[in-house]
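1. Got a sequence here, can you model it:
(one chain, ligands or ions: 1)
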Amino acid sequence: MTTTVSEPAGTAPAGAGSAVLEVAGLDAGYGPIQVLHGVDLSVSAGELVCLLGPNGAGKTTTLLACSGMVRVASGDIRLDGRSLLRLSPHAIARRKLAHVPEDRSLFPSLTVDEHLRLCARPGGMDVLELFPELRKRRTKRAGVLSGGEQQMLALGRALATGPRVLLVDEMSMGLAPVVVERLFSALQEIAVSAGLAVLMVEQHVHLALRYAQRGYVLAGGRVRTHGTAAELRERWPEIESSYLGR
Ligand SMILES: Nc1ncnc2c1ncn2[C@@H]1O[C@H](COP(=O)(O)OP(=O)(O)OP(=O)(O)O)[C@@H](O)[C@H]1O
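-> Residues are numbered from 1 along each chain as shown. Have a look, this model is predicted:
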């Protein structure tokens, strides 16, 4: 079933299972500038969900609000049913929400091993098992890795913390198509095998809808429509002309 923003605020449309991450009626922004208006979304364990929309739609802001880095004016963000509001980004990370930002935020002078050691937590995933490509690069500094290896390290660093929820912003940015496919397929497998709830922002709509189970379309800080990936693929021409002004 595909529904639109006319749903009442606070009823985050859920996936197949019970939601791990729930965003309900979220208003958020920067100082006096309100960017998000009543955003509702949810992600269940084992689900890869994409957040789509044009530049400036509020996709990154949604992720930043979930990880406590943008002020929430009203609404709620819950992880396993418990509100994350008023928690610091550190406290939210301890509640097992990991965020891979668009710029990857690696330390160029630290090696692969050093990054992974810094982030490893009990129950964390074995990153070298997930991304064997990093094995032979363990002693290399992050600054000399290829773009794809850097993205694997950024994802690996988040996964080493053993998250329940993973937020990924523009994973494909600047990467060759073959590398992007590898990363999407790895993330899909990890989500399913580890029961991880993944919310990803992605500009490559068709690629995202090939790997994600569901998606939300944001424009002007509001969820305009959402549905399964198959529904959104089929409706994409109409979505573009109705909501994205193309
Ligand atoms: N630090 C900031 N201070 C003020 N406004 C900001 C700030 N960061 C983003 N914005 C504004 O918030 C709106 C939403 O930005 P956001 O980055 O969330 O969009 P997006 O959908 O992720 O787009 P993009 O794909 O371009 O990153 C934009 O109008 C942007 O100019």
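
2. Now do the contacts for M171.
-> Counting by CB atoms under 8 Å, 6 or more residues apart in numbering, M171 touches 100, 151, 155, 180, 183-184, 187, 200, 202. Yep, even glycine has a C-beta here, placed from its N, CA and C like the rest.

3. Looks to me like it is in a helix.
-> No. M171 is assigned coil when assessed by DSSP: H, G, I helix; E, B strand; the rest coil, not a helix.

4. Next up, phi/psi of it, please.
-> Listed backbone geometry of M171 is phi -60, psi -30, with angles given as degrees, to the nearest 10.

5. tell me which element V198 is part of?
-> Using DSSP states H and E, V198 sits within strand 197-201.

6. in that strand, what's buried?
-> Within strand 197-201, the residues that qualify as buried are 197-201, counting by 16 or more other CB atoms under 10 Å.

7. Over to stretch 212-229?
-> Buried, per 16+ other CB under 10 Å, within stretch 212-229: 212-219, 221-229.

8. same deal with stretch 156-165?
-> Applying a neighbour-count criterion of 16+ other CB under 10 Å, the buried positions in stretch 156-165 are 156-165.

9. From the chain's centroid, how far away is that stretch?
-> Relative to its chain's centre, stretch 156-165 lies at 12 Å (CA atoms, centre = their mean, to the nearest Å).

10. and the end-to-end length of it?
-> End-to-end distance of stretch 156-165 (CA to CA, to the nearest Å): 14 Å.

11. Stretch 188-202 now?
-> End-to-end distance of stretch 188-202: 14 Å, with CA to CA as the criterion.

12. Residues contacting that stretch, please?
-> The contact list for stretch 188-202, computed with CB under 8 Å, 6+ apart, reads 19-21, 41, 43-52, 59-60, 62-63, 66, 102, 125, 130, 159, 163-172, 187, 208, 211-212.

13. That'll do, ta.
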